[in-house]
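>>> could you work out the structure for the sequence below:
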Amino acid sequence: MNKKDEERIIQKQILKEPIMIKFRLYGFFKNLKFYEPYILLLLLAWGLNLFQIGLLLLIQEIITYVFEIPSGIIADKFGKKNELMLCFLFYIASFIVYFFALGNLIHSFAFLAIGPLLFGMGEAFRSGTHKAMILYWMDENNYSKFKSFVYGTTRSWSLIGSTLNGILSIFLVVFAPEPRYVFPFAIVPYLADLILISTYPSYMNKKNLQEGKSIFSEFVSGFRDLFISLKNRDLRRGIISSSSYDAVYKSIKDYIQPIVKVFIAVMIINLGLSSIDISEENLVRIILGVLYSSFYLLSSISSRNAFKIKNLFKSSRKTMDIIYYSFSIVLVLSAAFIWLQLPIVVVFLYLIIYVFANARRPIVIDYLGSIMKKEQRATILSAESQLKSIIVLAIAPLFGYIADYSISLLFIIIAIALAAINLLFLSENSLILSFK
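Predicted coordinates:
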């Protein structure tokens, strides 16, 4: 039996593990965010512009930034399972605020801003924690060499949830009394996740708090260990590469919504939809729901096969670089076809953006998981997410301001910046060798 056959047998064995079912269901429920295909349109209809929407994202990321590393330390020291359950309470509270804020009774930007604030708390307490639990389970069962396979498989179920989310959201937003009702509907799968996490094995709630040490000393110790770890050049560059890529993706991934709205008239003519008895508003909602389902369905396939992509290029680090540059190329092409007013091509290119991002993430986890200490995984993965938040803090309002003027120009600027930064500083063979 050769090495590949042995790996296939182990991979089948991993998929049969009972906990893997829970890992997959966790991601499936988490990604049933029925508001996602329409969030920009809901906020635009409420009276905001893209710059103001960027400010809401800024508020969310500030909160995530402030609580990111402390949340990782809390997870490492006081129990990952407990913290993960807490994060879903913040998410649910956020959905409730969005529902009431987007109604007619309370039309206040200050009240609306509480929604992203609570969501940011949920993000801070979630990010890195579940990944660290998966990595811990793999260590306990001698599956560590299959990190990209395991994480790619669980992430693919998250994306299957996103695929179903796009279809269900169409019916919810079209037939609900008001589009904002997608938020209370989103509470249901998040309650399911809260219950699911409570059934995780108790050993996954393992605490690393040392007897006799105060909470303050644990935080000081956690931050000190983090900074020591980041002296590792490969770890530092991997975290920055991951954070910068994900921050840009997060900031622009929903720009497909105004793009579709702007070009909807062109699509009606090209697809012969003018004779259909359906309002333009509902047509936009249906098209967006179908698009998001398509994006995430193919992203699920790419995530599940991320380990094959890594094997094709022989290393996680090299694969990360190739996808980074490819992202820049796709952004330039998107800018060109937006300018040429060819929405069908833009939609296809946006599909590639989603596929790239969701194939890259398991590869990043594989790379970082192989070079960071086991006992600091939640803290370091939270630090990675925190850095992403810092970058989003800087770019989200700026991106919104430029996008209000020209989305094409925004994409060209992003593409040039990404390619230059990776070439000079972050790639495996970066030109600025002094970045050590």
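
>>> so who does Ile329 touch?
Ala415 (CB atoms under 8 Å, 6 or more residues apart in numbering). C-betas here are computed from N, CA, C, even on glycine.

>>> list phi and psi for it.
In terms of degrees, to the nearest 10, the main-chain angles of Ile329 are phi -60, psi -40.

>>> look up how far Asp254 lies from it.
21 Å (CB to CB, to the nearest Å).

>>> so where do the helices sit in the stretch 101-250 of the chain?
109-112, 114-126, 129-140, 147-175, 182-198, 215-229, 233-252 (DSSP state H, counting those that start in this stretch).

>>> most tightly packed of those?
helix 114-126 (a mean of 24; mean count of other CB atoms under 10 Å).

>>> follow-up on the earlier one: and of the helices of the stretch 101-250 of the chain, who's closest to Tyr324?
Nearest to Tyr324 among the helices of the stretch 101-250 of the chain is helix 233-252 (6.1 Å), distances taken as CB to CB.

>>> kindly export that closest one (C-alpha atoms) in CSV.
Only the C-alpha atoms of helix 233-252 are listed here, as CSV (Å, rounded to 0.1, in the frame of the first residue of the first chain):
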residue,chain,number,x,y,z
ARG,A,233,9.4,35.5,10.9
ASP,A,234,7.4,32.8,9.1
LEU,A,235,4.6,32.9,11.6
ARG,A,236,4.5,36.7,11.5
ARG,A,237,4.4,36.9,7.7
GLY,A,238,1.8,34.1,7.5
ILE,A,239,-0.5,36.0,9.9
ILE,A,240,-0.1,39.3,8.0
SER,A,241,-0.6,37.6,4.7
SER,A,242,-3.8,35.9,6.0
SER,A,243,-5.1,39.0,7.7
SER,A,244,-4.5,41.4,4.8
TYR,A,245,-6.1,39.1,2.3
ASP,A,246,-9.2,38.4,4.5
ALA,A,247,-9.6,42.0,5.4
VAL,A,248,-9.8,43.1,1.8
TYR,A,249,-12.1,40.2,0.9
LYS,A,250,-14.4,41.0,3.8
SER,A,251,-14.5,44.7,2.9
ILE,A,252,-15.5,44.2,-0.8
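
>>> who are the packing partners of that helix?
helix 316-339, helix 343-371, helix 377-405, helix 407-421 (3 or more CB pairs under 8 Å, 6 or more residues apart in numbering; DSSP states H and E).

>>> in the third one, what's buried?
When neighbours are counted by 16 or more other CB atoms under 10 Å, the buried residues of helix 377-405 are found to be 377-393, 395-397, 399-400, 402-404.

>>> low-confidence ranges in the chain?
1, 68-69, 72-73, 75-77, 128, 206-230, 262-280, 374-379, 382, 430-436 (pLDDT under 70).

>>> could the helices of the stretch 101-250 of the chain go into JSON lines alongside distance to Ile74?
Converted to JSON lines, the helices of the stretch 101-250 of the chain look like this (distance: least, CB to CB, whole Å):
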{"stretch": "helix 109-112", "distance to Ile74": "28"}
{"stretch": "helix 114-126", "distance to Ile74": "8"}
{"stretch": "helix 129-140", "distance to Ile74": "9"}
{"stretch": "helix 147-175", "distance to Ile74": "23"}
{"stretch": "helix 182-198", "distance to Ile74": "16"}
{"stretch": "helix 215-229", "distance to Ile74": "9"}
{"stretch": "helix 233-252", "distance to Ile74": "20"}
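
>>> please report how far Thr350 lies from Asn282.
Wrong residue type there; residue 350 is Tyr, not Thr. Counting by CB to CB - Tyr350 and Asn282 are separated by 21 Å.

>>> higher neighbour count, the two?
Using other CB atoms under 10 Å as the criterion, Tyr350 and Asn282 rank with Tyr350 on top: 21 against 13.

>>> surely Ile287 touches Val260?
Yes - counting by CB atoms under 8 Å, Val260 is a contact partner of Ile287 at 6.0 Å.

>>> which residues touch Ser241?
320-321, 324, 364, 422, 426-427.

>>> so how far is Ile39 from it?
From Ser241 to Ile39 the distance is 27 Å (CB to CB).

>>> swap in Ile322?
31 Å.

>>> and Asn142, how far is that from Gln13?
Taking CB to CB, one finds Asn142 at 11 Å from Gln13.

>>> those two: who's more crowded?
Applying other CB under 10 Å to Asn142 and Gln13 shows that Gln13 carries more neighbours, namely 12 against 9.

>>> next secondary structure element downstream of the helix or strand harbouring the more buried one?
Using DSSP states H and E, Gln13 sits within helix 3-15. Next helix or strand after helix 3-15 toward the C-terminus (DSSP H and E): helix 18-30.

>>> neighbours of the closest residue to Gly79 other than its chain neighbours, how many?
Nearest residue to Gly79 in three dimensions, chain neighbours excluded: Asn205, at 4.2 Å (CB to CB, 6 or more residues apart in numbering). Per other CB under 10 Å, the neighbour tally for Asn205 reads 18.
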